[in-house]
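K.L.:
This is a predicted model, with the sequence first.
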Amino acid sequence: MGQTLAQKVYEQHVVRRTEGEPDLLYIDLHLVHEVTSPQAFDGLRAAGRTVRRPDLTMSTEDHNVPTTNLLAPIADPVSRAQVEALRTNTAEFGIRQAPMGTRDQGIVHVIGPQLGLTQPGMTIVCGDSHTSTHGAFGALAFGIGTSEVEHVLATQTLTQRPAKQMSVRVDGELPLGVSAKDVILAVIAEIGTGGGQGHVIEYRGSAIEALSMESRMTICNMSIEAGARAGLIAPDETTFAYLQGRDHAPSGEDWDAAVAAWRELRTDDDAVFDREVVIDAASLTPYVTWGTNPGQGLPIGAAVPDPASFADESDRAAAESALAYMGLTAGTPLREISVDTVFLGSCTNGRIEDLRVAAELLRGNHVAADTRMLVVPGSVFVKQQAEEEGLDAVFTAAGAEWRGAGCSMCLGMNPDQLAPGERSASTSNRNFQGRQGKGGRTHLVSPAVAAATAITGRLTAPADLQTAGA
Amino acid sequence: MDAFTTHTGTAAPLRRSNVDTDQIIPAEYLKRITRTGFEDGLFVAWRTNEPDFVLNKPEYADASILVAGPDFGTGSSREHANWALLDGGYKVVISARFADIFRNNSTKSGLLTVVLPAADVEALQDACETDPTLAVTVDLVAREVRWADRVSGFEIDDYTRWRLLEGLDDIGLTERHLGDIDAFEAARPAWKPRTLA
């Protein structure tokens, strides 16, 4: 029987396999940030251990960093202490660190690809569930907890068991204005937040193959919201073209050897998936979430659902509680929901292409009077690139706020938070209760829907702007 | 990690599905650099905003077993969620389905996660609602949960069970195989990226 792409990458990294024990899996790249690492470094010190491979480890500060007053010390003393701890720990253990303000600083899942550290066929881990992002390159990449961060720091390995295999095939052509974010929100709405549990998802099909690397990252990023620890896409010419010339991409003869190896990373024709999901790209429209888990999403043309319409009792209870928290009434068309804040950014949608799409819609338009829009680039490099292209001027002319790089309002560990009852349209990945600030209400959307929504102040598809002549 | 063999205590019913890690402990509590003291963030939004929240009820104040709806622990990889439950006095979480990372983290932090059939989870929720003082035993040796006259078996692989029973830390176990790691590293392609020059 043939192997899937994920099985091939997994098997290439098995250090040790013994009956009755989990496999020992080698880790090619370990990304570290300030939130999930301090206790791991303490553990190393307590046991007198060192970092086995600092040269396969990269760290940056992203979750806590403010996006304004970038040159001042971090005002929140607790956030500042956590960032300081990362700086001290990485210095002590000889790990490369990208501090605030430097070119390589940004959200870990943005800087790995940007630096060319994320490559096909690798195993990549980080103490962050959105590590699945790196699967866009055909890497097996997944989030781990702090105990496992310590394990990887000490041994460059993890104990693992093979996951089940799921195929999500998206065939056909996406309609204009429908993006990778809409695809993944539709997938999660289809299979549910637990649908991918125990599985690695491989995204396949002509609609996936047609996507840019950055769009592929958006899809793989939210695999965890479908319950899968990892999601990946077979590397192809698009992948190789993205990588060539980046800081850490191989060059010369190494490049040729690498590409030859990467071309082998495809699911065999006779491989068997444990579960297969098929989605028709042409049937998709912009998706938005109405509830408090990412599976509670619908096409933007739909209305807030009636909890009574859910057959499953636990789904019904979840819908009731979600509507109460979100302050929504069943039957309200989603397009009539007004938002206070639009957040464009995060490891899901904070890359240059996301900013370009939003800027194109905002050019010559203005953010609605009662709405604020925050634009937070995923990294300092993305910020610089956007500024070179003049996108910052488009955003500020439209009345949006142009901020520094970081995780920002995706999870509100820095001062960028929603106030209680405040409603956002957000390009991030989680609409959990209180995620963006205590009592905040989040609708997950694509960058295009975010920009269109900023202009009208209500949940809006980009195509609606043309119809309205805006 | 403390060893876990068998635990008897009272149980609290949390009849909610998709209890995500932001509900278990919100991000603002993750700024600490210590490994203990996370109980103040445990379910803090629900505890604060919902006076009737089940874990606010005095009869469940000493519960050490949480019996939750399906898809418990979805969302982030924060092990702080497991630490907060442990710091809050819980030894076991029972659910019909757990998020993968949460469950994996629990095997590293010593919080036992037990998957029971949905019907048994509901029966146990009913039982501890009827009698909050009901003694519930979670027996890792026998791989079963017992309450009143009910017995519900659960699956856990032999290796993880052994590790939890012995309270063994993974790093020490992996260090027995450093020779295998050295050999693997010697065979890695030279073009694989390095972060340092």
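P.N.:
Yes, it's here.

K.L.:
I'd say A:Q156 and A:P54 touch.
P.N.:
No: A:Q156 is not in contact with A:P54 according to Cβ atoms under 8 Å; the separation is 10.1 Å. For glycine as for every other residue, the C-beta is placed from the backbone atoms N, C-alpha and C.

K.L.:
Next, count neighbours for residue 79.
P.N.:
I went with chain A, as the question did not name one. When neighbours are counted by other Cβ atoms under 10 Å in any protein chain shown, A:S79 registers 22.

K.L.:
not what I meant, chain B
P.N.:
For B:E79, the neighbour count with other Cβ under 10 Å is 30.

K.L.:
what residues are up against it?
P.N.:
By Cβ atoms under 8 Å, 6 or more residues apart in numbering or on different chains, the residues touching B:E79 are A:T36, A:G145, A:T146, A:S147, B:N105, B:K108, B:S109.

K.L.:
Mind doing that once more with 10 Å?
P.N.:
Each residue near B:E79 by Cβ atoms under 10 Å, 6 or more residues apart in numbering or on different chains is listed here: A:36, A:39-40, A:127, A:144-149, B:21, B:30, B:35, B:38, B:101-102, B:104-106, B:108-109, B:111.

K.L.:
Overlap of the contact sets of A:Q156 and A:P54?
P.N.:
Common contacts of A:Q156 and A:P54 (Cβ under 10 Å, 6+ apart): A:H30.

K.L.:
hang on, the earlier thing: okay, and which of the contacts of B:E79 map to helices?
P.N.:
Of the positions in the contacts of B:E79, A:39-40, A:146-149, B:21, B:101-102, B:104-106, B:108-109 sit in helices, assigned by DSSP state H.

K.L.:
possible to save those residues as a markdown table with pLDDT?
P.N.:
Shown next, in a markdown table, are the ones in helices among the contacts of B:E79 (pLDDT from 0 to 100):
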| residue | pLDDT |
| --- | --- |
| A:Q39 | 98 |
| A:A40 | 98 |
| A:T146 | 98 |
| A:S147 | 97 |
| A:E148 | 98 |
| A:V149 | 98 |
| B:T21 | 97 |
| B:I101 | 97 |
| B:F102 | 98 |
| B:N104 | 97 |
| B:N105 | 97 |
| B:S106 | 97 |
| B:K108 | 94 |
| B:S109 | 93 |
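
K.L.:
ok, so of the residues you listed, who is nearest A:G364?
P.N.:
Nearest to A:G364 among the ones in helices among the contacts of B:E79, counting by Cβ to Cβ, is B:T21 at 41.5 Å.

K.L.:
pretty sure that closest one contacts A:S129?
P.N.:
Yes: using Cβ atoms under 10 Å, B:T21 is in contact with A:S129, at 8.5 Å.

K.L.:
Now the common contact residues for these two.
P.N.:
Residues touching both B:T21 and A:S129 (Cβ under 10 Å, 6+ apart): A:R430, B:T74, B:G75, B:S76, B:S77, B:R78, B:A99, B:I101, B:F102.

K.L.:
What is the burial count for the residue nearest to A:W262 when sequence neighbours are not counted?
P.N.:
Nearest non-adjacent residue to A:W262, counting by Cβ to Cβ, 6 or more residues apart in numbering or on different chains: A:P120, 4.2 Å away. A:P120: 25 surrounding residues under other Cβ under 10 Å.

K.L.:
Now do the phi/psi pair for A:P120.
P.N.:
Phi and psi for A:P120, reported as degrees, to the nearest 10, are phi -60, psi 150.

K.L.:
Quick check: it vs chain B, distance?
P.N.:
A:P120 is 11 Å from chain B, where distance means Cβ to the nearest Cβ, to the nearest Å.

K.L.:
quick one, what contacts that residue?
P.N.:
Each residue near A:P120 by Cβ under 10 Å, 6+ apart is listed here: A:5, A:9, A:136-139, A:232-236, A:239-240, A:243, A:258-259, A:261-265.

K.L.:
can you give me the strands for chain B?
P.N.:
Counting by DSSP state E, chain B has strands at residues B:6-9, B:11-14, B:65-68, B:92-95, B:112-115, B:136-139, B:144-147, B:150-153.

K.L.:
Turn those strands into JSON lines, including distance to A:M373.
P.N.:
Putting the strands of chain B into JSON lines (distance: least, Cβ to Cβ, whole Å) gives the following:
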{"stretch": "strand B:6-9", "distance to A:M373": "50"}
{"stretch": "strand B:11-14", "distance to A:M373": "37"}
{"stretch": "strand B:65-68", "distance to A:M373": "37"}
{"stretch": "strand B:92-95", "distance to A:M373": "39"}
{"stretch": "strand B:112-115", "distance to A:M373": "41"}
{"stretch": "strand B:136-139", "distance to A:M373": "50"}
{"stretch": "strand B:144-147", "distance to A:M373": "51"}
{"stretch": "strand B:150-153", "distance to A:M373": "52"}
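
K.L.:
Nearest spatial neighbour of the residue in the stretch 351-470 of chain A positioned nearest to chain B, chain-adjacent residues omitted?
P.N.:
Chain B sits closest to A:F432 of the stretch 351-470 of chain A, with a gap of 4.2 Å, by Cβ to the nearest Cβ. Nearest residue to A:F432 in three dimensions, chain neighbours excluded: B:D22, at 4.2 Å (Cβ to Cβ, 6+ apart).

K.L.:
what sits against residue 103?
P.N.:
Reading this off chain A. A:I111, A:Q114, A:L115, A:S379, A:V380, A:F381, A:K383, A:Q384.

K.L.:
I was thinking of chain B, sorry if that wasn't clear
P.N.:
Shown in contact with B:R103 (Cβ under 10 Å, 6+ apart): A:Q197, A:G198, B:F72, B:G73, B:N82, B:V93, B:S95, B:R97, B:L111, B:T113, B:V115.

K.L.:
what about the fourth one, how many neighbours?
P.N.:
Spelled out, it's B:G73. Counted with other Cβ under 10 Å, B:G73 comes out at 29.

K.L.:
For it, which non-adjacent residue is spatially closest?
P.N.:
Using Cβ to Cβ, 6+ apart and skipping residues adjacent in sequence, the residue nearest B:G73 is B:F102, 2.7 Å away.

K.L.:
Does anything pack onto the longest helix along chain B? Which helices or strands?
P.N.:
In chain B, assigned by DSSP H, the helix with the most residues is helix B:118-130. With contacts defined as 3 or more Cβ pairs under 10 Å, 6 or more residues apart in numbering or on different chains; DSSP states H and E, helix B:118-130 has these neighbours: helix A:313-326, strand B:11-14, strand B:65-68, strand B:92-95, strand B:136-139, strand B:144-147, strand B:150-153.
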